[in-house]
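**Q** coordinates for the following, if possible.
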Amino acid sequence: MHGTENPSAWLQRWAHLIADKSQVLDVACGAGRHMRWLAAQGHTVHGVDRNPDALALAQVHGQVTCADIENGPWPFSGQTYGAVVVTHYLWRPLLPVIVQSLAPGGVLVYETFAAGNETVGKPSRPDFLLQPGELLSATQSLRTVAYEDGFESSPDRFVQRIVAVRLQSTEDVSRWLLSKA
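**A** Next comes the predicted model:
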């Protein structure tokens with residue numbers, strides 16, 4: 001079942017940017033692989049998914065919400081988080097809402113499939129594949145800390161990833177320099 005494998009290496013690489021003991025939202029959390037890992041790092045985690053069977057597994061790691069976020073209202077209106085994590089999920093109408101869900105100083109860790117993936121496997125529908133630079137465009141109001149777009153092997157796939165931060169002030173930029181990675 002999706003969500004029982006190891007946490008994303010991208011998340012693990014950049015999680016040090018999430019402030020200690022943050023409230024973290026895992027969008028399309030599945031069975032909670034990222035919730036499990038983030039809770040072990042001392043964060044309070046909340047996951048959302050439409051699959052109640054997956055959420056039954058995820059709930060041991062934090063709070064869960066069963067919601068169809070593609071066809072229903074966003075269940076977290078007005079709430080902000082110290083981090084939002086999204087992997088292997090894309091629903092374009094939700095991108096602005098995800099960005100708005102970051103509190104000042106909050107970190108977005110997003111990773112999903114990109115155009116080109118249709119040549120090596122699934123997903124292959126354009127609806128589920130980011131176009132070149134699409135995450136950069138969707139997060140232009142944030143400070144990009146890291147970005148990758150391209151092919152990786154084992155497994156063969158095309159991916160796009162971003163780590164971006166909602167700055168608290170213009171002086172906050174030094175906190176996100178690569179020397180901390």
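**Q** C-alpha from now on. contacts and neighbour counts both.
**A** Will do.
**Q** tell me where this protein has strands.
**A** 23-27, 44-49, 63-66, 81-87, 102-113, 143-152, 157-165 (DSSP state E).
**Q** so where is this structure shaky, pLDDT-wise?
**A** Within the chain, the stretches with pLDDT under 70 are 1-4, 169-181.
**Q** again, 80 this time
**A** Applying pLDDT under 80 to the chain flags the ranges 1-5, 169-181.
**Q** mind jotting down where the helices sit in it?
**A** With DSSP state H as the criterion, the chain has helices at 9-14, 33-40, 52-58, 95-100, 134-138.
**Q** okay if I get the strands of the chain as a markdown table plus mean neighbour count?
**A** Below are the strands of the chain laid out as a markdown table (neighbours: other C-alpha atoms under 10 Å):
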| stretch | mean neighbour count |
| --- | --- |
| strand 23-27 | 24 |
| strand 44-49 | 23 |
| strand 63-66 | 18 |
| strand 81-87 | 23 |
| strand 102-113 | 24 |
| strand 143-152 | 16 |
| strand 157-165 | 24 |
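**Q** among the ones you listed, which is nearest residue 5?
**A** Set against residue 5 and scored by C-alpha to C-alpha, these come closest in strand 81-87, at 12.4 Å.
**Q** identify all contacting residues around that closest one.
**A** 8, 11, 18-19, 22-29, 98, 101-112 (C-alpha atoms under 8 Å, 6 or more residues apart in numbering).
**Q** give me that answer again for 6 Å
**A** Strand 81-87 is contacted by residues 22-27, 102-103, 106-112 when judged by C-alpha atoms under 6 Å, 6 or more residues apart in numbering.
**Q** coming back round to it: to residue 146, which of the helices of the chain lies closest?
**A** Nearest to residue 146 among the helices of the chain is helix 9-14 (8.7 Å), distances taken as C-alpha to C-alpha.
**Q** which strands and helices sit next to the closest one?
**A** Helix 9-14 is packed against no helix or strand, with contacts defined by 3 or more C-alpha pairs under 6 Å, 6 or more residues apart in numbering; DSSP states H and E.
**Q** check which residues of it are buried.
**A** Judged by neighbour count using 16 or more other C-alpha atoms under 10 Å, the buried positions of helix 9-14 are 10, 11, 14.
**Q** again, but for stretch 115-128
**A** 115, 116, 117, 118, 123, 124, 128.
**Q** could I get those as JSON lines with distance to residue 138?
**A** Below are the buried residues of stretch 115-128 laid out as JSON lines (distance: C-alpha to C-alpha, whole Å):
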{"residue": "115", "distance to residue 138": "16"}
{"residue": "116", "distance to residue 138": "20"}
{"residue": "117", "distance to residue 138": "20"}
{"residue": "118", "distance to residue 138": "22"}
{"residue": "123", "distance to residue 138": "21"}
{"residue": "124", "distance to residue 138": "21"}
{"residue": "128", "distance to residue 138": "15"}
